[in-house]
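1. Any chance you could fold what I've pasted below:
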Amino acid sequence: MRHRGSLAFVLVAAAVLEDFFDLHPNAPPRSAISSIAVRLISGAFVGWWVAAATNISPASGAIAGVAGALVGTYGGLAIRRRAIKSIGNRASGLLEDIVAIAASVAIVAQL
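-> You can find the predicted model right below:
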């Protein structure tokens with residue numbers, strides 16, 4: 001929302017929908033092929049646009065976005081499993097969301 005263009009509103013809506021579907025009881029696991037595909041596409045899209053906005057090769061940004069999506073998918077899954085054992089499913093999900101939001105705000109603030 002930093003630049004307040006129409007794309008910003010679309011991305012905010014997508015983030016809200018993603019959060020809603022992530023909390024839905026019938027949501028597929030993050031390691032399911034469909035979930036991974038959406039994460040890879042989303043990572044490539046965001047990486048492309050962030051790189052383009054910062055005068056870096058958009059293709060490099062897309063590759064970094066895909067790599068970040070894979071690390072986030074499997075690294076996040078391992079951390080989430082440990083957190084579920086320690087603090088429960090709902091609390092670990094909320095903690096994961098808080099960390100993701102804080103990291104996103106910190107990254108966007110640097111652009």
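
2. In the lengthiest helix in the chain, which residues are buried?
-> Secondary structure assigned by DSSP state H gives helix 58-87 as the longest helix of the chain. For helix 58-87, the neighbour count (16 or more other Cβ atoms under 10 Å) marks 61-66, 68-69, 73, 80, 83 as buried. Heads up, the C-betas are built off the backbone N, CA and C, glycines and all.

3. what packs against that helix?
-> Under the contact definition 3 or more Cβ pairs under 8 Å, 6 or more residues apart in numbering; DSSP states H and E, helix 58-87 sits against helix 33-53, helix 89-109.

4. List the buried residues in the first one.
-> Right, the one you point to is helix 33-53. Using 16+ other Cβ under 10 Å as the test for burial, helix 33-53 gives 36, 38-40, 42-51.

5. any chance of these in TSV, plus distance to G88 and pLDDT?
-> As requested, the buried residues of helix 33-53 are exported to TSV (distance: Cβ to Cβ, whole Å; pLDDT from 0 to 100):
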residue	distance to G88	pLDDT
I36	25	91
V38	26	87
R39	24	88
L40	29	92
S42	27	87
G43	28	89
A44	33	93
F45	33	89
V46	30	84
G47	33	88
W48	37	88
W49	36	82
V50	34	81
A51	38	87
